[in-house]
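A.B. asks: Starting from these lines, generate the structure:
(one chain, ligands or ions: 2)
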Amino acid sequence: MGRAFVYVILGGGVAAGYAALEFAKRGVSPGELCIISEEPVAPYERPALSKGYLLPEVPARLPSFHTCVGANEERLTPKWYKEHGIELVLGTRVKSADVKRKTLLTATGETISYKILIIATGARALRLEEFGVTGSDAENVCYLRDLADANRLVDVMQSCTGGNAVVIGGGYIGMECAASLVINKINVTMVFPEAQFMARLFTPKIASFYEQYYVSKGVKFVKGTVLSSFEIDSNKKVTAVILRDGSRLPADMVVVGIGIRPNTTLFEGQLTLEKGGIKANGRLQASYESVYAVGDVATFPVKLIRENRRLEHVDSARKSARHAVAAIMDPEKTGEFDYLPFFYSRVFALSWQFYGDNVGEVIHFGDFTGGKFGAYWVHKGHLVGSFLEGGTKEEYETIANATRLQPVIDDLAMLETQGLGFALAV
Ligand code: FDA
Ligand code: NAD
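C.D. replies: Numbering: from 1, shown residues only. Ligands and ions are numbered 1, 2, ... in the order given. Reported below is the predicted structural model:
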């Protein structure tokens, strides 16, 4: 049993949705393109799951956040795919791939063949068991990667109003879920191994602003330690979290956000991997010419940084996917992907954006007492990264443009004095 397509997108997440849009804009004939996804729904904007989806009032629900609403593009509902003759093979896991034969084998036993494959398998959440802690399959322990996880989190949250949640991990999931839990009237304690949260990106000064804000919302922090075990009752529910320093935190629920692993397994031994992802060139083409890799699973050259990077952010997924399709459909006119890394988050009434790379010396500017503030990163005499909290659309565009230009910085004190004004003048 089998089907054949010209183009197959493996994975039905953010990158898949944006790739489909680009294919449709450039013109694919009915029956040429299919998306295979383990998820039972058409591609959606994953960032909604830790934000609008968790709101107690008027929460976001599909179909409102199908791709590609996140970039003010058309909303691709199942009806849209049908109208464009794009096959959605949903609820279907691919269990093996043969890049030489150009075939994929699904868990239901179907062989799907292609001429060109776009790997958009994203990543999976790391589990505590991978760090030697057991019990995270208890019904009130939540991870958050897909819609099923989000539904479970909503159910558990609703049963815990007024209770205690322990959030394990001080990264993006930890920070955004802690805010959502507070909004749902749950008492939150965050536990993470670093001395500050968002250690991968925030400077201590930036982190300190957000931490104080969280404290003002009632969040407690336990830093510099990790969980060692769960206390679990006879109903298989976690009742407390025991930390490595011996302390015990009573818990009605637990949210775990301890990082991800790209879904590369199907291609190990067949394609070149780098930095945990599938290595792609500036056209997002993998080491086998009929295969492309995009989104969280791809490690590609970031020209501006002069390094191959694997990025775990939605803007990168959207743009790498569109670029790969451009490279496939119009190879003559499509150059190398020239990407400016862009990360953002929204929590409570706060909102920040970051562009570029966070290496080198840091210059902070603005009002860290609750107004607009930011930071620049200066590396080898050039501006390479910019962060801004509380900016307007125009101000975010301004720091993005300035960062892309990488202007020479020979006077750090001047940069500090000018603050946001520096980017406006570039
Ligand atoms: P994505 O994970 O979206 O999709 C992968 C797809 O492949 C899934 O549908 C999966 O089921 C499928 N798949 C994998 N293996 C398969 C197999 N063998 N067979 C079939 N299907 C398979 N970023 C940001 O910049 N700002 C933000 O605010 C947020 N917020 C945010 C919230 C939450 C809760 C998460 C989990 C993530 C974010 N992100 C984010 C990150 C962002 O969502 C992420 O970078 C993109 O979703 C990556 O898109 P991909 O398409 O690469 O993977
Ligand atoms: P992360 O990499 O942002 O943070 C992981 C955190 O886990 C670390 O900061 C650390 O504090 C903690 N940690 C690591 N090992 C641990 C251990 N053994 N025990 C306890 N804590 C440990 O990952 P995440 O927060 O899980 O986010 C998952 C993915 O979702 C990432 O790719 C992220 O980019 C994406 N995401 C992005 C956004 C956004 O961009 N706004 C929002 C949500 C999720």
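A.B. asks: so who does residue 16 touch?
C.D. replies: Neighbour list for residue 16: 9, 35, 37, 43, 67, 118, 120, 321 [criterion: Cβ atoms under 8 Å, 6 or more residues apart in numbering]. The way it works is simple: take the backbone N, C-alpha and C, and place the C-beta from them, glycine included.
A.B. asks: what's the burial count for residue 44?
C.D. replies: 28 (other Cβ atoms under 10 Å).
A.B. asks: Next: the one 3 residues further on.
C.D. replies: Residues within reach of residue 47, counting by other Cβ under 10 Å, total 19.
A.B. asks: What of the one 10 residues further on?
C.D. replies: Here the count is done by other Cβ under 10 Å, and residue 57 has 5 residues near it.
A.B. asks: before we move on, what about residue 118?
C.D. replies: Neighbourhood size, residue 118 [other Cβ under 10 Å]: 29.
A.B. asks: State the pLDDT value of it.
C.D. replies: pLDDT recorded at residue 118 is 99.
A.B. asks: Same check on the one 5 residues further on?
C.D. replies: Note on residue 123: pLDDT of 98.
A.B. asks: Could I get the phi/psi values of the residue lying closest to it once chain neighbours are set aside?
C.D. replies: Using Cβ to Cβ, 6 or more residues apart in numbering and skipping residues adjacent in sequence, the residue nearest residue 123 is residue 260, 3.9 Å away. Residue 260 adopts backbone torsions of phi -130, psi 170, taken as degrees, to the nearest 10.
A.B. asks: Check whether residue 260 really touches residue 126, as I assumed.
C.D. replies: Yes - with contact defined as Cβ atoms under 8 Å, residue 260 counts as touching residue 126 (6.2 Å).
A.B. asks: what's the single longest helix in the chain?
C.D. replies: helix 314-329 (DSSP state H).
A.B. asks: Alongside ligand 2, which residues does the stretch 51-200 of the chain contribute?
C.D. replies: Listed as neighbours of ligand 2 in the stretch 51-200 of the chain under the rule Cβ under 6 Å from any ligand atom: 131, 168-174, 176, 192-194, 199-200.
A.B. asks: Just the terminal-to-terminal distance for stretch 42-52.
C.D. replies: 18 Å (Cα to Cα, to the nearest Å).
A.B. asks: quick one: that stretch near ligand 1?
C.D. replies: Yes - shown here: stretch 42-52 in contact with ligand 1 (Cβ under 6 Å from any ligand atom) through 46-47, 49-50.
A.B. asks: Check the offset of that stretch from the chain's centre.
C.D. replies: Here stretch 42-52 shows a centroid-to-chain-centroid distance of 10 Å under the convention Cα atoms, centre = their mean, to the nearest Å.
A.B. asks: What are the contacting residues of it?
C.D. replies: 12-14, 16-17, 20, 35, 37, 59-60, 62, 65-70, 76-78, 81, 88, 90, 144, 146-147, 149-150, 172-173, 176-177, 180, 314, 346.
A.B. asks: and what of stretch 165-174?
C.D. replies: Residues contacting stretch 165-174 (Cβ under 8 Å, 6+ apart): 50, 125, 128, 144, 157, 177-178, 181, 186-194, 196-200, 223, 226-227, 241, 249, 251-259, 345.
A.B. asks: now the helix or strand that residue 211 is a member of: mean pLDDT?
C.D. replies: Assigned by DSSP states H and E, residue 211 falls within helix 204-216. On average, the pLDDT along helix 204-216 is 98.
A.B. asks: still on that earlier bit, quick check: ChimeraX command selecting the buried ones in the residues of the stretch 51-200 of the chain next to ligand 2.
C.D. replies: Buried residues within those, by 16 or more other Cβ atoms under 10 Å, are selected in ChimeraX with:
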select :168,169,170,171,172,173,174,176,192
